[in-house]
Every structure is written in C-alpha cells, then in structure tokens.
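Enquirer: quick one: sequence and predicted model below, then my questions.
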Amino acid sequence: MDDQRRTFLEALLTTASPSGYEVPGQRVWIEYVSEFADEVRTDDYGNAVAVFEGDSDTEIALAGHGDEIGFIVRDMTEDGFLRIGRIGGSDSTVSRGQHVLVHTADGTVDGVIGQTAIHLRDTSDEGVPEVSEQHVDIGASDGDEAEELVDRGDPITFDQTISDLENDYLSARGMDNRIGIWAAAEGLRRAAERGTDATVYAVSTVQEEVGVQGAKMVGFDLDPDAAIAIDVTHATDQPDSPGKESSGIALGEGPVIARGSANHPVLVDALRETADEEDIDVQLQATGIRTGTDADAFYTARGGTPSLNVGLPNRYMHTPVEVIDGEDLDTLADLVACFAAQADEFAPFSVDIR
C-alpha cells in the first residue's frame, strides 16, 4: 500500500462515524473518490455513490458500509456521570476501562468508561454488566455541568490509535468497516485504470450495523446488475477462537469469497475465476443462512439483485483492537477491481435453470 492509499485509510480510521452519525466519515470518503470519479452523489440519509461511466450496459456496484459501532448518551446522573446505550453490536466485555470521545455539536469531550478497581470488587462474582449499566466519567462535578457539556443522543466512540504490528498487520477500532469503503473506492479507481467497459459504482452505505438499512435504500435506488458487498469477516486463527466457530479463515491468506445464502453462484464463480487469472490467493467461507453484511439487503432489492459478500479476515471484531493484514486489504481491492474491469465477460448474472 503506497503512502497516498495509507493516508486515506488512516483518515477513515481516525474519523468517528457511528451508525446514524456517519457524515464526517462520508465526507472523508467523498473527498477521496471525487478525484477520479465521473460523478459523486448522496441521498437524504447520507449514502454516498461514486460513479465511473463505462461504455457498456453492465453496471456493477462495489459497496462497503461507512458506519461503525459505538455508544450513545442515554442520560446523566445527578453526580454528572453519563449513562450509555449501544450503537450496533458494541461489546460490554471490552468497554470498561477504555478512553472514549463524546461527539457533541461543539466538538469532542474526553471521557472514560469507568471500571471499579479490582481491590474494591467482589471478585467471586466477575460477571460483566450490560452496557446500559456502565457509565462514562467526563469529570463533571454534577448533572448540571454534564448537561452543559453533552446532550442526550450524542454518539460515543473509543479513543484509539492505529498500531502497526509485525508482518504488515494493522490494528485499530473501526476496521469494520473502513476497510470496505477503502476497498470500494480503490476498486473503482483501479477498475477505471484498467479501462473497464462496465459502469462501476463505488458505494459507502450508512447504518449497516443497525440492520443493513443504507443498503436497502441504495439497493432500491441504484438497481445494478450485480453488487459486491465488501466487509470484514472473522479470522479464527487466534488462540481464543472457539473450536465450534472455526471457519478456517486466517490473516495473510487473502480475501474471502462467501458461498451460500445471499451469495449468487455466478458471482462466486466469477470472482474465483478472476482470482485464478490474476494469481490472487482467496479463501472460501460457508454462509448457509445469512452473511450478516449489506449483501443480505442488496440481493432482495427490486425483485432480486445478484449479490456477493467478499470479506477481509479480521481478528477481534467489534473491539477497539481489530487486526487485519494490510497486504490482504490491498489484494482485496485488486480482486474487486479486476472483476469489475471484465464484468462484461461474466454478464448476465443469472442462474441457468432451463
């Protein structure tokens, strides 16, 4: 990954965009894609679409979701502490003892999610309290001061840094799914450089973490011939992964093509063939019921849109220390770009029954 692409990724990772509050992150993404897209448009909820106009009738969407999990200010106590709720699937087992930022209309307010010291706790009962029972300490002296600083409904995110680990591994919060919108943007740019005849859309959807809501809007409005939903997927190559949840997915082994449920078999074959032609290592994943990604919304849009989930292996999902392989990410962008560049060869995307 060159310096310009790394700068773009860092800008996405350091811009808070919890579900329902995606505008800052969408602005970062739009600024980047505007340099090479023929058109960039948004809808009323902030879904963003960048377009490269091709000469053929084939239209391909490369989509990631621009939102992340987080917390929300639910109430203030008389003592000035903030009661919080979840935004998306926030994990109560990793939230206590973390630095956070409360994003207010006047800027960010620093805080910490409190954790009672081990000296004071009843260690015979180490159950984890629900997020609704946890609190943020912003240092306010009482409830009145807290209400002057923040409002109910202000979003909260972990205050984390990006860490470069060994072997080109990267760690940060919000890899889910900044990597998806990074790869969608890069896929568009690289497909255009390859001279694709298809029209290619790069999409950054909103509110995936609360029910793939943005993809429902975009899938209806855009109506492409095929949609590739780019997201993270669980890497189970670390010691704490339960054996019954093993998927065989590992960091450093390439992007992941999902099979089953929403994943259209023609697209599965097309991506696998593209990977073989381009000498790109890929992994396969079984998704027999649902993908848990925007693909679940795209594939039922407008009577059915051929869709596929392509994933990036990710350790420690929905924690402040998600870990990916930077080379996997760069390869993922190449894979979707190469597919988009030769999409006409695979179209139309329909199963052969007769």
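Expert: Cool, the structure landed. As the structure is a prediction and not an experimental result, all values here were calculated from the model. Residues are numbered from 1 along each chain as shown.
Enquirer: report the contact partners of residue 228.
Expert: 60, 61, 62, 63, 267, 271, 307, 308, 310, 336, 339 (Cβ atoms under 8 Å, 6 or more residues apart in numbering). The way it works is simple: take the backbone N, C-alpha and C, and place the C-beta from them, glycine included.
Enquirer: repeat that with 10 Å
Expert: 60-64, 183-184, 187, 203, 267, 270-271, 294-295, 298, 306-310, 335-336, 339-340 (Cβ atoms under 10 Å, 6 or more residues apart in numbering).
Enquirer: assess the claim that residue 212 and residue 227 are in contact.
Expert: No: at 12.0 Å, residue 212 and residue 227 do not qualify as touching, with contact defined as Cβ atoms under 10 Å.
Enquirer: can you pull the residues that touch both of these two?
Expert: Between them, residue 212 and residue 227 have 219, 294, 295, 297, 298 as joint contacts when contacts are counted by Cβ under 10 Å, 6+ apart.
Enquirer: more neighbours: which of residue 212 and residue 227?
Expert: residue 227 (32 against 23; other Cβ atoms under 10 Å).
Enquirer: the one helix or strand that one maps to: how far from the chain's middle?
Expert: Under the assignment given by DSSP states H and E, the secondary-structure element containing residue 227 is strand 226-234. With Cα atoms, centre = their mean, to the nearest Å as the basis, the distance from the averaged C-alpha position of strand 226-234 to the chain average is 9 Å.
Enquirer: looking at that strand now, give me its mean pLDDT.
Expert: Across strand 226-234, pLDDT averages out at 98.
Enquirer: could you list the paired strands of it along with their orientation?
Expert: Here strand 226-234 is paired, per DSSP bridges, with strand 59-65 (parallel), strand 307-314 (parallel).
Enquirer: between those strands, which one is nearest to residue 15?
Expert: Proximity of the strands paired with strand 226-234 to residue 15 was assessed by Cβ to Cβ; the nearest stretch is strand 59-65, lying at 14.4 Å.
Enquirer: and the helix or strand that the closest one is followed by, what's buried?
Expert: Following strand 59-65 in sequence order, the next helix or strand is strand 70-76 (DSSP H and E). By neighbour count, and taking 16 or more other Cβ atoms under 10 Å as the criterion, the buried residues in strand 70-76 are 70, 71, 72, 73, 76.
Enquirer: any idea whether the residue lying closest to the second one once chain neighbours are set aside is helix, strand or coil?
Expert: This means residue 71. Spatial nearest neighbour of residue 71, chain neighbours left out: residue 156 (4.0 Å); criterion: Cβ to Cβ, 6 or more residues apart in numbering. Taking DSSP: H, G, I helix; E, B strand; the rest coil as the rule, one finds residue 156 in the strand state.
Enquirer: what's the burial count for residue 156?
Expert: Taking other Cβ under 10 Å as the neighbour definition, residue 156 ends up with a count of 27.
Enquirer: hmm, it is touching residue 173, no?
Expert: No: with contact defined as Cβ under 10 Å, residue 156 does not count as touching residue 173 (12.0 Å).
Enquirer: can you list the strands paired with strand 226-234 in CSV and add mean pLDDT?
Expert: Listed next are those as CSV, based on pLDDT from 0 to 100:
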stretch, mean pLDDT
strand 59-65, 98
strand 307-314, 98
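Enquirer: now those as JSON lines including mean neighbour count and distance to residue 26?
Expert: Formatted as JSON lines, the entries for the strands paired with strand 226-234 read as follows, by neighbours: other Cβ atoms under 10 Å; distance: least, Cβ to Cβ, whole Å:
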{"stretch": "strand 59-65", "mean neighbour count": "29", "distance to residue 26": "11"}
{"stretch": "strand 307-314", "mean neighbour count": "28", "distance to residue 26": "20"}
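Enquirer: closest to residue 249 out of the buried residues of strand 70-76?
Expert: residue 70 (25.5 Å).
Enquirer: show the pLDDT at the nearest residue to that closest one once chain neighbours are set aside.
Expert: Nearest residue to residue 70 in three dimensions, chain neighbours excluded: residue 18, at 3.3 Å (Cβ to Cβ, 6+ apart). As summarised for this prediction, residue 18 has a pLDDT of 98.
Enquirer: could you point out the longest helix in this structure?
Expert: Counting by DSSP state H, the longest helix found in the chain is helix 175-193.
Enquirer: and the helix or strand that that one is followed by, which strands flank it?
Expert: Beyond helix 175-193 in the direction of the C-terminus, DSSP H and E gives the next helix or strand as strand 199-205. Within its sheet, strand 199-205 is paired with strand 48-52 (antiparallel), strand 59-65 (parallel), according to DSSP bridges.
Enquirer: go through the next helix-or-strand element following strand 199-205 and flag the buried ones.
Expert: Under the assignment DSSP H and E, the closest C-terminal helix or strand after strand 199-205 is helix 213-222. Of all the residues in helix 213-222, those buried under the rule 16+ other Cβ under 10 Å are 213, 214, 215, 216, 217, 218, 219, 222.
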